[in-house]
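Engineer: Give me a model of this one.
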Amino acid sequence: MENVQRYIEEHKERFLEELLELLRIPSISADSKYRGDVAKAAEAVKDHLKNAGTASVDIYPTKGHPIVYGERLVSKSLPTVLVYGHYDVQPPDPLDLWTSPPFEPMIKKTTIHPDGAIFARGSCDDKGQLFMHIKALESMDRCQAIPCNLKFLFEGEEEVGSNNLETFCSEYKELLACDVVCISDTSIIANDTPSITTGLRGLSYVEVEVIGPAKDLHSGVYGGAVGNPINVLASMIASLKDKNGHITIPGFYTDVLEISDEDRIAMNAAPYDEDAYKAELKVDGLMGEKGYTTIERTSIRPTLDVNGIWGGYTGEGAKTVLPSKAFAKISMRLVPNQDPGKITKLFSQHFRAIAPDAVKVKVTPHHGGKPAVTPTNSLEYQAAADAMEKTFGKKPIPARGGGSIPIVSLFEDILGVKAVLMGFGLDSDDIHSPNEHFGIYNFYQGIRTIPYFLENYANAKKSS
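Structural biologist: Numbers count the residues shown, from 1 in each chain. Got it, this is the predicted structure:
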């Protein structure tokens with residue numbers, strides 16, 4: 001491993017330049033206009049894997065965007081680690097809030113990242129973290145120090161729900177057979193406080209449509225007599241939570257796994273400065289479910305949030321119109337034991353039930369995913385913890401994440417294996433927001449840590 005670390009140090013500037021080139025490809029999976037760019041990114045990832053040392057690498061078409069799969073098998077006697085990542089990115093909107101173009105990566109120093117951070121869409125989520133594994137492979141390959149079998153599964157649809165991944169995994173179950181899945185699509189608490197994600201929330205995502213009159217109407221002639229879909233939608237959404245931030249959908253909390261007092265105390269022992277948290281977000285106060293801390297609200301409690309709302313006239317100037325329709329996109333983050341299908345059904349039933357007779361309501365489910373919890377007493381967790389302690393100089397803290405990675409439960413259901421969630425981003429890296437960035441320090445720490453994890457895991461499996 002000393003030779004591997006030396007190789008990383010000698011080639012890290014090239015690693016960075018190659019990542020910047022990948023980030024210039026606008027692989028936005030949600031927008032069909034960028035379908036060609038998503039395909040271009042898949043080809044680029046394939047080429048990088050090939051050059052890094054995979055013995056074979058192919059692009060598998062799906063009904064949506066392609067999947068890149070490569071492998072480097074060393075010996076049947078060694079364990080196999082499947083590395084998962086995604087090369088597609090979120091849309092960059094709103095563009096006017098970016099301080100530099102989202103697909104023209106720039107290195108900028110920040111208070112949190114004094115060594116500089118890469119500002120670009122996909123820098124942290126997930127091209128930068130995916131690329132850490134490719135460069136770790138190259139470093140081990142060039143030093144003839146690959147300690148176990150490696151498989152790489154990189155998809156182009158994670159940001160739109162991984163709609164075709166389950167089919168692919170089921171069809172190629174034998175190809176993907178492994179002992180553990182390693183995913184770097186999560187964060188650490190801070191650069192001086194490493195952590196490993198041990199739980200993720202699930203997701204139910206829906207789009208709602210409130211339909212009023214057959215056409216837009218003059219708000220002076222008809223206002224006060226006809227139901228305004230925007231007004232109605234706003235009232236319906238407001239009723240989905242009570243004054244204590246508790247979600248009012250009947251049955252929503254029935255299956256929620258309650259966390260013990262001991263676990264809550266341990267969770268809240270993690271470093272957290274509420275004043276710094278508010279300052280970073282530039283807000284004067286926080287809101288959330290009564291009776292829970294910010295750490296708990298963003299990890300072990302379910303949520304309901306409006307992600308977008310629109311309708312009527314939104315152009316320049318005034319137009320006194322009573323709109324025909326109003327729309328909203330709503331996401332619900334779920335915790336262990338909540339089933340996304342059941343929650344979507346409960347939401348749909350409730351939303352239709354609270355609609356007044358003046359309007360009609362349509363609910364369209366989008367993607368979802370199950371919550372996931374990974375054990376801290378497993379070989380893979382300990383291998384990752386020891387690796388992070390080696391590179392960060394302190395033991396990582398087990399932490400629950402607030403986001404959703406539905407494929408974690410998918411891999412467990414289809415491949416029968418657990419995942420280790422060893423990410424290196426920060427929650428403050430603005431993923432899904434304007435000015436997404438990824439610390440150069442974090443990028444290099446990932447490349448340095450991954451070989452130690454693989455070596456630790458291979459040794460642990462040999463001894464078990």
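Engineer: Outline the domain layout of the protein.
Structural biologist: Domain ranges of the chain: 2-200+371-463, 202-256+302-369, per automatic domain parsing.
Engineer: Now do the same for Gln129: helix, strand or coil?
Structural biologist: Secondary structure assignment for Gln129 (DSSP: H, G, I helix; E, B strand; the rest coil): helix.
Engineer: other SSEs contacting the helix ranked longest in the chain?
Structural biologist: Across the chain, the longest stretch assigned as helix under DSSP state H is helix 440-463. If you count contacts as 3 or more Cβ pairs under 8 Å, 6 or more residues apart in numbering; DSSP states H and E, helix 440-463 packs onto helix 2-23, strand 117-119, helix 127-142, strand 180-183, helix 379-392. (Glycine included, C-beta is placed from N, CA and C.)
Engineer: and the first one, which residues are buried?
Structural biologist: What it means is helix 2-23. Going by neighbour count (16 or more other Cβ atoms under 10 Å), the buried part of helix 2-23 is 4-5, 7-8, 11-12, 15-16, 18-20, 22-23.
Engineer: sorry, back to before: give me whichever of the domains of the chain is most buried.
Structural biologist: Among these, ranked by average contacts under mean count of other Cβ atoms under 10 Å, first place goes to domain 2-200+371-463 (a mean of 20).
Engineer: Look up phi and psi at the closest residue to Ser75 other than its chain neighbours.
Structural biologist: Leaving aside its chain neighbours, Ser75 sits nearest to Asn149 (7.2 Å; criterion: Cβ to Cβ, 6 or more residues apart in numbering). Per-residue torsions, Asn149: phi -80, psi 140 (degrees, to the nearest 10).
Engineer: what pairs with Asn149 across the strands?
Structural biologist: Note on Asn149: beta-bridge partners Thr80, judged by DSSP bridges.
Engineer: What separation is there between it and Val74?
Structural biologist: Separation of Asn149 from Val74 (Cβ to Cβ, to the nearest Å) stands at 5 Å.
Engineer: Residues in a beta bridge with Lys329, which ones?
Structural biologist: Going by DSSP bridges, Lys329 is paired in beta bridges with Glu207, Gly308.
Engineer: That one touches Asn307, doesn't it?
Structural biologist: Yes. Counting by Cβ atoms under 8 Å, Asn307 is a contact partner of Lys329 at 4.5 Å.
Engineer: if we can go back for a sec, what separates the residue nearest to Ser75 from Ile450, distance-wise?
Structural biologist: Applying Cβ to Cβ, the value for Asn149 to Ile450 is 15 Å.
Engineer: so where does Phe152 fall, helix or strand?
Structural biologist: strand 149-155 (DSSP states H and E).
Engineer: C-terminal to that strand, what's the next element?
Structural biologist: Going down the chain from strand 149-155, the next helix or strand is helix 165-171, by DSSP H and E.
Engineer: What are the contacting residues of that next one?
Structural biologist: For helix 165-171, contacts defined as Cβ atoms under 8 Å, 6 or more residues apart in numbering pick out Tyr60, Thr62, Ile67, Glu155, Glu157, Leu176, Ile407, Leu410, Phe411, Ile414, Leu415.
Engineer: Can you read off the pLDDT for the residue nearest to the second one when sequence neighbours are not counted?
Structural biologist: Nearest non-adjacent residue to Thr62, counting by Cβ to Cβ, 6+ apart: Asn164, 3.8 Å away. Asn164 is assigned a pLDDT of 96 by the prediction.
Engineer: Next, work out how far apart Asn164 and Ser378 are.
Structural biologist: According to Cβ to Cβ, Asn164 stands 29 Å off from Ser378.
Engineer: just for the stretch 251-400 of the chain, where's the confidence low?
Structural biologist: In the predicted model, the stretch 251-400 of the chain carries no residue with pLDDT under 70.
Engineer: List the contacts of Ala372.
Structural biologist: Ala372 neighbours (Cβ under 8 Å, 6+ apart): Gly199, Leu200, Gly202, Pro336, Ile405, Val408, Ser409, Glu412, Ala419.
Engineer: per-residue confidence at the closest residue to the last one other than its chain neighbours?
Structural biologist: Spelled out, it's Ala419. Among residues not flanking Ala419 along the chain, Val181 sits closest, at 4.1 Å (Cβ to Cβ, 6+ apart). For Val181, the model assigns a pLDDT of 98.
Engineer: what comes into contact with whatever helix or strand Phe351 lives in?
Structural biologist: Using DSSP H and E, Phe351 sits in helix 340-353. Outside helix 340-353, the residues that touch it by Cβ under 8 Å, 6+ apart are 202-204, 206, 208, 236, 248-252, 255, 330, 332, 334, 361, 363, 365, 368-370.
Engineer: How about stretch 252-270?
Structural biologist: Here stretch 252-270 has contacts from 189, 193, 195, 247, 293, 295-296, 299-300, 302, 335-339, 342-343, 346, 397, 399-400, using Cβ under 8 Å, 6+ apart.
Engineer: Would you map the helices across the stretch 201-350 of the chain?
Structural biologist: Assigned by DSSP state H, counting those that start in this stretch, the helices in the stretch 201-350 of the chain fall at 219-222, 229-238, 261-267, 274-281, 294-297, 340-353.
Engineer: tilt between the longest one and helix 229-238?
Structural biologist: Read that as helix 340-353. 130 degrees (axes from the mean of the first three to the mean of the last three Cα atoms, to 10 degrees).
Engineer: quick one, what contacts Asp125?
Structural biologist: Asp125 sits next to Val89, Gln90, Asp185, Gly425, Asp429, Ile431, His432, Glu436 when contact means Cβ under 8 Å, 6+ apart.
Engineer: want to throw the helices of the stretch 201-350 of the chain into JSON lines with distance to Arg121?
Structural biologist: As requested, the helices of the stretch 201-350 of the chain are exported to JSON lines (distance: least, Cβ to Cβ, whole Å):
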{"stretch": "helix 219-222", "distance to Arg121": "39"}
{"stretch": "helix 229-238", "distance to Arg121": "29"}
{"stretch": "helix 261-267", "distance to Arg121": "31"}
{"stretch": "helix 274-281", "distance to Arg121": "20"}
{"stretch": "helix 294-297", "distance to Arg121": "27"}
{"stretch": "helix 340-353", "distance to Arg121": "27"}
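Engineer: Pro114: which of these is closest?
Structural biologist: Closest of those to Pro114 is helix 274-281, at 15.8 Å (criterion: Cβ to Cβ).
Engineer: Identify, from the contacts of Asp125, the entry nearest to Lys243.
Structural biologist: Nearest to Lys243 among those: His432, at 28.7 Å, using Cβ to Cβ.
Engineer: Checking that closest one next. Helix, strand or coil?
Structural biologist: Under three-state DSSP, His432 falls in the coil class.
Engineer: Name all residues that make contact with the closest residue to it other than its chain neighbours.
Structural biologist: Nearest residue to His432, sequence neighbours excluded (Cβ to Cβ, 6+ apart): Gln90, at 5.0 Å. For Gln90, the contacting residues are Ile28, Ala30, Arg121, Gly122, Asp125, Glu159, Ile431, His432, by Cβ under 8 Å, 6+ apart.
Engineer: Backbone dihedrals for the last one, please?
Structural biologist: Looking back up the chat, that one is His432. His432 has phi and psi values of phi 70, psi 0 when expressed as degrees, to the nearest 10.
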